[in-house]
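J.: Fold the following, please.
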Amino acid sequence: MRQNIVVLIPAFNEEEAISKVIKDIPKTLVSEVVVINNASTDKTEEQAQNAGATVLRESRRGYGFACLKGIGYLKSKTESPSIVVFMDGDYSDHPNELESLVSPILHENRDLVIGSRELGEREKGSMTVPQIFGNWLATRLLKMVYGVSYTDLGPFRAIRWEKLLALNMQDQTFGWTVEMQAKAGKLGLPYTEVPVSYRKRIGFSKISGTVKGTILAGYKIIWTIFKVKWIG
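T.: Modelled structure (predicted):
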């Protein structure tokens, strides 16, 4: 039985990369690619449409806002997906590795799979020193607080649709990925990581490319880990 796998791609000013991302997604495996145009000021939307993606618009800037927009769209469809894959629109992820990403859900009874850049091949310079340290710190806090063992907060990830809904995701900005992993740990969802490749992004990073963005993201990630534990 063919699974209904949908890919959600939040995108803010990714006109140079987004068509490459969409082109490399294995179409025999995926039923729909949804790009959420997160208040872009360039031709991201046009490029995504030309590449064959469904395009949604989210005027509020923030990674979480874009992801929530995509989830809202999937809720409105007559046929629900079985698996939702998240990936970035900057071509740093390798979309052609999607099959290995979803394999533990299809064949090993896992609910959540994180694509780990730490376990995979990472191009030199593709992650900044603050990003690497932030991942190290966050994954250790997740282990300390929830007893879960991760090596990465990688954006390339897959989750069963019904489990995604059960997480009741709320974060609107930088805390989205860690919120998912923290809530999955809190609920005891079966999870795993698979090695993924990672390369230098096309264009300029809106978060790790600035000191302010790095500091805000780091603060939000740490706050989210403890917020989920004590508040939900």
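J.: can you pull out the strands in this protein?
T.: Listed in chain order, the strands of the chain (DSSP state E) span 5-11, 32-37, 54-57, 83-86, 112-116, 157-160, 191-195.
J.: contacting residues around the third one?
T.: Contacts with strand 54-57, where a contact means C-beta atoms under 8 Å, 6 or more residues apart in numbering, come from 32-37, 45, 48-49, 69-70, 73. The way it works is simple: take the backbone N, C-alpha and C, and place the C-beta from them, glycine included.
J.: Mind picking out the helix or strand in the protein with the poorest mean pLDDT?
T.: Lowest by mean pLDDT, DSSP states H and E among the helices and strands of the chain is helix 211-230, with a mean of 77.
J.: I'd like to know how far the residue positioned nearest the centre of the chain sits from residue 55.
T.: For the chain, the residue nearest the mean C-alpha position is residue 155 (3.4 Å; C-alpha atoms, centre = their mean). Note on residue 155: its distance to residue 55, by C-beta to C-beta, to the nearest Å, is 19 Å.
J.: which ones are touching residue 12?
T.: With C-beta under 8 Å, 6+ apart, residue 12 has these contacts: 37-40, 44, 61, 66, 89, 206.
J.: Residue 50: neighbour count?
T.: By the measure other C-beta atoms under 10 Å, the count of residues near residue 50 is 12.
J.: Isn't it up against residue 15?
T.: No: shown here, residue 50 and residue 15 do not form a contact pair, counting by C-beta atoms under 8 Å, at 10.7 Å.
J.: Name the residues contacting each of those two.
T.: Going by C-beta under 8 Å, 6+ apart, no residue sits against residue 50 while also sitting against residue 15.
J.: what's the pLDDT at the nearest residue to residue 142 once chain neighbours are set aside?
T.: Using C-beta to C-beta, 6 or more residues apart in numbering and skipping the chain neighbours, the partner closest in space to residue 142 is residue 148 (5.4 Å). The model reports residue 148 with a pLDDT of 97.
J.: Ignoring the adjacent residues along the chain, who's closest to residue 167?
T.: residue 183 (4.4 Å).
J.: Do you know the pLDDT at that neighbour?
T.: Residue 183 is assigned 97 on the pLDDT scale.
J.: ok, now residue 191?
T.: If you check residue 191, the pLDDT there is 98.
J.: To residue 134, which of the strands of the chain lies closest?
T.: For those, proximity to residue 134 was assessed by C-beta to C-beta; strand 112-116 is nearest, at 14.7 Å.
J.: So which bits of the closest one are buried?
T.: Buried residues in strand 112-116, counted by 16 or more other C-beta atoms under 10 Å: 112-116.
J.: Can you name the two of these that sit furthest apart?
T.: The largest separation in these, counting by C-beta to C-beta, is between 112 and 116 at 12.5 Å.
J.: Now do the closest residue to residue 119 other than its chain neighbours: how many residues are near it, please.
T.: Using C-beta to C-beta, 6+ apart and skipping the chain neighbours, the partner closest in space to residue 119 is residue 195 (4.0 Å). Neighbour count of residue 195, defined by other C-beta under 10 Å: 16.
J.: Cheers, nothing more for now.
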